[in-house]
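**Q** Sharing a sequence plus its predicted fold:
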Amino acid sequence: MNERTPPAPYPRLVADIGGTNARFAIIESPGAAPTHLRSMRCADHAGPEEALQAWRADTGAALPEVAAFGIATPLTGDQVAMTNHPWQFSIGALRAALGLRRLTLVNDFTALAFSLPLLGADDLRPVGAGKAQPGAACGLIGAGTGLGVSGLLPAPGGYVPLQGEGGHVSLPASTPREAAVIGVLAARHGHVSAERALSGPGLVAVHDALRALDGAPALELAPAQVSARALDASCPFCVEAAGLFCALLGTVAGDLALTLGARGGIYIGGGVVPRLGELFLRSAFRERFVAKGRFRPWLEQVPTQVIVAPNAALIGASAALDAVIEVGVSTRGV
């Protein structure tokens, strides 16, 4: 819901809750770096309240009166059910249990989008050329446990962040090999969303599909193992999986840029791409990003940048509390 709210006071409890880890921290004052930062494995806790109790026991931090969480799921009301993790909870009940005067939840990539105007040159790594147009729309996409998509649209007085589920659009193929991989995934899952390939589990799924297509024996690997074997070139299927991942991400990111008119640039978040490092910079990502026929010259002017700032999502969650029009779900005490 959209609701006008006053700016929140400091200090603030902030969180970035994904399908694998939940990170909690305190932001003491405007522009300050997060303190008391800890990452808790979601699977080790029954819900966010229990994870926060463990965080407090570990850090000794006192809870502020206000909090903002970015969480990897759609938000449509008080009841939250995460897409890629079993946590389910009531926002109002969580606020009451924590004794918070105000608790705001936004989609995790909406929180990351809030951080974009606050990032500096050292927080970003360019991929290819292009120059951002001031005041233009920006796009955001990133692979982690799932595929997050958001952006910023220009509005009077600033930007409006998007809350959507663009990671679940249908995945397109640009080559026969990609079509074959998508065919394998379709046989296993039915609808093949972009997230099926463009995520940590998706990187594994692409690797497995490539092995199946070439009649190679199955090999159970974790996402980090696929990335590591691609980086050291010790497994040809991992190398190809990483290459396909980068190319497909370029295709989907280019579609996002065209859809939003993102002359302000496309930002790449999530944990998977930064771990690929130089492999990503050498990949087909940028070529596939601009390979849109008659709109290639248009896209060549759009910069693409990887977010390397480690705490951008936490800073963005705090910024969500300062929005003139609050995006997401907020609960506050009477």
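**A** Arrived safely, thanks for sending.
**Q** residues in contact with residue 30?
**A** Residues near residue 30 by CB atoms under 8 Å, 6 or more residues apart in numbering: residue 10. Every residue, glycine included, has its C-beta placed from N, CA and C.
**Q** Let the chain start at 243 from now.
**A** From this message on, residue numbering opens at 243, which makes the last subject residue 272.
**Q** Give me the three-state assignment for it.
**A** Here residue 272 is recorded as coil under DSSP: H, G, I helix; E, B strand; the rest coil.
**Q** Give me the distance between it and residue 556.
**A** Residue 272 sits 14 Å away from residue 556 when distances are taken as CB to CB, to the nearest Å.
**Q** repeat for residue 475
**A** 35 Å.
**Q** higher neighbour count, the two?
**A** residue 556 (28 against 10; other CB atoms under 10 Å).
**Q** Which residues are in contact with residue 521?
**A** By CB under 8 Å, 6+ apart, the neighbours of residue 521 are 472-473, 484, 488.
**Q** Could you tell me which of these belong to strands?
**A** Among these, no residue falls in strands (DSSP state E).
**Q** Closest to residue 367 out of these?
**A** Nearest to residue 367 among the contacts of residue 521, counting by CB to CB, is residue 488 at 14.3 Å.
**Q** pLDDT at the closest one, what is it?
**A** You'll see residue 488 listed with a pLDDT of 98.
**Q** Would you mind stating the distance between the residue lying closest to residue 369 once chain neighbours are set aside and residue 484?
**A** Nearest residue to residue 369, sequence neighbours excluded (CB to CB, 6 or more residues apart in numbering): residue 546, at 4.7 Å. Taking CB to CB as the measure, residue 546 falls 18 Å from residue 484.
**Q** Check residue 473 too.
**A** 8 Å.
**Q** Now the common contact residues for those two.
**A** Listed as contacting both residue 473 and residue 484 by CB under 8 Å, 6+ apart are 518, 521.
**Q** Looking at those two, which has the bigger crowd around it?
**A** Ranked by neighbour count (other CB under 10 Å), residue 473 and residue 484 place residue 484 first, with 24 against 16.
**Q** and the more buried one, what is it in contact with?
**A** Residues counted as contacts of residue 484 (CB under 8 Å, 6+ apart) are 445, 468-469, 472-473, 518, 521, 525.
**Q** Restricted to helices, list the residues you listed.
**A** Using DSSP state H, the members of the contacts of residue 484 that fall within helices are 445, 468-469, 472-473, 518, 521.
**Q** Format those as JSON lines; extra columns: distance to residue 325 and pLDDT.
**A** As requested, the ones in helices among the contacts of residue 484 are exported to JSON lines (distance: CB to CB, whole Å; pLDDT from 0 to 100):
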{"residue": "445", "distance to residue 325": "18", "pLDDT": "98"}
{"residue": "468", "distance to residue 325": "22", "pLDDT": "98"}
{"residue": "469", "distance to residue 325": "22", "pLDDT": "97"}
{"residue": "472", "distance to residue 325": "26", "pLDDT": "98"}
{"residue": "473", "distance to residue 325": "29", "pLDDT": "97"}
{"residue": "518", "distance to residue 325": "24", "pLDDT": "96"}
{"residue": "521", "distance to residue 325": "28", "pLDDT": "97"}
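**Q** just the helices in the stretch 343-492 of the chain please.
**A** All helices of the stretch 343-492 of the chain, identified by DSSP state H, counting those that start in this stretch, fall at 350-357, 418-431, 436-439, 442-455, 465-473, 478-502.
**Q** and residue 516, how many neighbours?
**A** Counted with other CB under 10 Å, residues neighbouring residue 516 total 16.
**Q** what's in contact with the helix or strand hosting residue 291?
**A** Assigned by DSSP states H and E, residue 291 belongs to helix 290-301. Applying CB under 8 Å, 6+ apart, the set of residues contacting helix 290-301 from outside is 257, 259, 264, 266, 278, 280, 282, 284, 286-287, 303, 305, 311, 329, 331, 336, 339-340.
**Q** try 7 Å
**A** 259, 264, 266, 278, 280, 282, 284, 287, 329, 331, 336, 339-340 (CB atoms under 7 Å, 6 or more residues apart in numbering).
**Q** Would you indicate which residues of that helix are buried?
**A** 290, 293-294, 296-298 (16 or more other CB atoms under 10 Å).
**Q** Roughly how far does residue 523 sit from residue 370?
**A** To residue 370, residue 523 is 9 Å away according to CB to CB.
**Q** Now do the shared contacts for these two.
**A** The contact sets of residue 523 and residue 370 do not overlap (CB under 7 Å, 6+ apart).
**Q** so which pair among the contacts of residue 521 is furthest apart in space?
**A** Going by CB to CB, the pair spanning those furthest: 473 and 488, at 12.5 Å.
**Q** ok, the closest residue to residue 332 other than its chain neighbours - contacts?
**A** In this structure, residue 332 finds its nearest non-sequential neighbour in residue 320, 5.4 Å apart by CB to CB, 6+ apart. Residues in contact with residue 320 (CB under 7 Å, 6+ apart) are 332-334.
**Q** so which of those residues comes closest to residue 565?
**A** Sorting those by how near they are to residue 565, with CB to CB, puts residue 333 at the top with 17.2 Å.
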